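Colleague: With the sequence up front, the predicted model follows.
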Amino acid sequence: MGERGAKQTQTAKEFTAEMVEALTPVGDVKSRAMFGGFGIFESGTMFVLIDSEAQMFFRADSTTKSSYEELGSKRHTPMPYYEVPVAIADDYSVLIEWAKEAAAVAHAAKKKSK
């Protein structure tokens, strides 16, 4: 989830634990180590990606990606995840709103793929 061959860092591990705690209002939130980074899941569906450098990305789709792009977020290519803008991360209530939206997007995408 970071650069190819990247190793998980203690910083990313600690940040992921903090985010799991912070995102509990979203629902049943858990994390799992994945490809040098971490995924955060709500009820078994991944909606947050944390790379090996402790950068956080939320799941987006065609209806939500423009919100990220307008704030200068970069896409975690080739996946449909966008970097969480600093302005959003710094405001807890807005962060939770965006996280809930990212979880809804992820759940909808999962339903479509079945």
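Modeller: Perfect, thanks for sending it.
Colleague: any idea how far Met79 is from the residue nearest the centre of the chain?
Modeller: With distances taken as C-alpha atoms, centre = their mean, Val48 lies nearest the centre of the chain, 2.0 Å away. Per C-beta to C-beta, to the nearest Å, Val48 is found 12 Å from Met79. The way it works is simple: take the backbone N, C-alpha and C, and place the C-beta from them, glycine included.
Colleague: Quick check: neighbours shared by the two?
Modeller: Contact criterion C-beta atoms under 8 Å, 6 or more residues apart in numbering; residues shared by Val48 and Met79: Phe57.
Colleague: pLDDT score for Val26?
Modeller: Listed pLDDT for Val26 reads 98.
Colleague: My read is that it contacts Ala103, right?
Modeller: Yes - using C-beta atoms under 8 Å, Val26 makes contact with Ala103 at a distance of 5.4 Å.
Colleague: Just give me the longest helix of this structure.
Modeller: As assigned by DSSP state H, the longest helix anywhere in the chain is helix 92-112.
Colleague: can you list contacts of it?
Modeller: Everything outside helix 92-112 that qualifies as a contact, by C-beta under 8 Å, 6+ apart, is 22-23, 25-27, 42-43, 45-48, 58-61, 63-64, 67, 80, 84, 87-89.
Colleague: got it, and stretch 26-33?
Modeller: Here stretch 26-33 makes contact (C-beta under 8 Å, 6+ apart) with 8, 16-17, 19-20, 23, 38-43, 47, 50, 96, 99-100, 103.
Colleague: same thing with stretch 69-83?
Modeller: 1, 48-49, 51, 55-61, 65, 68, 84-85, 87-88, 109.
Colleague: now do 6 Å
Modeller: Leu49, Phe57, Arg59, Ala60, Tyr68, Pro85 (C-beta atoms under 6 Å, 6 or more residues apart in numbering).
Colleague: Next, give phi and psi for the nearest residue to Met56 once chain neighbours are set aside.
Modeller: Nearest non-adjacent residue to Met56, counting by C-beta to C-beta, 6 or more residues apart in numbering: Val84, 4.7 Å away. Val84 adopts backbone torsions of phi -70, psi 120, taken as degrees, to the nearest 10.
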